[in-house]
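# predicted model and sequence below, questions to follow.
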Amino acid sequence: MSDGVRNVIIIGSGPAGYTAGLYSARAMLDPLMFAGYMSGGQLMLTSDIENFPGYPQGIGGPEMMMQLREQAERFGLQVEDKNVERVDLSSRPFKVWVEGEEFQAQSLIISTGAESIWLGVEGEEAQKGRGISTCATCDGAFFRDEEIIVIGGGDSAMEEATFLTRFASKVTIIHRRDVFRSSKVMYERAANHPKIEIKTFRSVKKWLSDDNGLTGAVLEDPRDGSIEEISCTGAFIAIGHKPITGFLESQVETDDTGYIIHKEHTMTSVPGVFAAGDVVDTRYRQAITAAGMGCQAAMDVEKWLEEQH
């Protein structure tokens, strides 16, 4: 075991984790963070962030995460770019295993986030952040007067498509069936919009690109396998998110889809275990709301640890 028992271990990075680290470090809690091999969270895939207060010219996602990390480390946050393999929350101090090594802490803050579900088709990996996105609020403004597509059939797909009409000249919704999971109101708002076209019985088989980025997609009709091409310079995948909670092995109460449930403020069903950011948030999923929740979690941890003495 390393370094005795810590006051708090933060699992996961991103805006929630780094803000929790900053606040708990300034509260002299000597926090240890396991940021994960892919530290920085989803914003590492976002090329430009224009909606985070304090950056009038915008800022690159990776750059913002480096700045948040540097700021927290300046106050004493210790960051390890390693993944947590499993935890034991049955008694305190809690046990955390990282690359076979055991660590212990009086409290935990879980900020592992949620990952967007991608299609995983040919050409996708190379175009992530270069035309293919999973966040219209983050990236929609980069596609002014361009033709874009949205993939999905739920409320988020309809909402993203409607939002994107503010910027795009045309938005085409691609859905593999002709039945939509979205609410009637959301569907009709999209279907009746003059800038939106809906193509049913289509799924993306392959992304097309050139040196400048995305140029289009090859669509397949699942009924007969027929193929067509569609031109677009931007594509938004809106088929859902999955929270990163597998390592918890159901020791913390979650909803049906795996998102952690808050019981009291930011505390989970296990006293001493707190959660912040997209691992909890199914509604907003913004950097600023995640950062705010990270602040709340750190302040809740500080208060809770004081009460234990």
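Great, that's in hand.
# show me the strands in the stretch 101-250 of the chain, by range?
101-110, 114-116, 132-133, 147-151, 170-174, 196-199, 203-210, 213-220, 227-231, 234-237, 241-243 (DSSP state E, counting those that start in this stretch).
# any idea which of those is most buried?
A comparison of the strands of the stretch 101-250 of the chain by mean neighbour count, using mean count of other Cβ atoms under 10 Å, puts strand 132-133 on top with a mean of 28. Using the backbone N, CA and C atoms, a C-beta is placed for each residue, glycine as well.
# packing partners of that strand?
Packing contacts for strand 132-133, counted by 3 or more Cβ pairs under 8 Å, 6 or more residues apart in numbering; DSSP states H and E, involve strand 234-237.
# which helices and strands does the strand it packs on pack with?
Short answer (3+ Cβ pairs under 8 Å, 6+ apart): strand 234-237 packs on strand 132-133, helix 136-139, strand 147-151, helix 155-164, strand 213-220.
# partners of that strand, with directions?
Strand 234-237 pairs in its sheet with strand 132-133 (parallel), strand 147-151 (parallel), by DSSP bridges.
# of these, which is nearest Arg69?
Closest to Arg69 of those, according to Cβ to Cβ: strand 132-133, at 23.3 Å.
# need the contact list for Ser39.
13, 65, 69, 79, 81 (Cβ atoms under 8 Å, 6 or more residues apart in numbering).
# related to what we said a few turns ago, can I get the helices and strands packed on strand 234-237 in TSV with mean pLDDT and distance to Ser24?
Putting the helices and strands packed on strand 234-237 into TSV (pLDDT from 0 to 100; distance: least, Cβ to Cβ, whole Å) gives the following:
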stretch	mean pLDDT	distance to Ser24
strand 132-133	94	32
helix 136-139	85	27
strand 147-151	98	39
helix 155-164	92	33
strand 213-220	97	40
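# redo those as CSV? Include distance to Gly272.
Below are the helices and strands packed on strand 234-237 laid out as CSV (distance: least, Cβ to Cβ, whole Å):
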stretch, distance to Gly272
strand 132-133, 37
helix 136-139, 34
strand 147-151, 41
helix 155-164, 33
strand 213-220, 46
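# to Tyr284, which of the ones you listed lies closest?
helix 136-139 (9.5 Å).
# buried residues in that closest one?
136, 138-139 (16 or more other Cβ atoms under 10 Å).
# contacting residues around that helix?
For helix 136-139, contacts defined as Cβ under 8 Å, 6+ apart pick out 46-49, 51, 133, 150, 159-160, 163-164, 234, 236, 238, 286.
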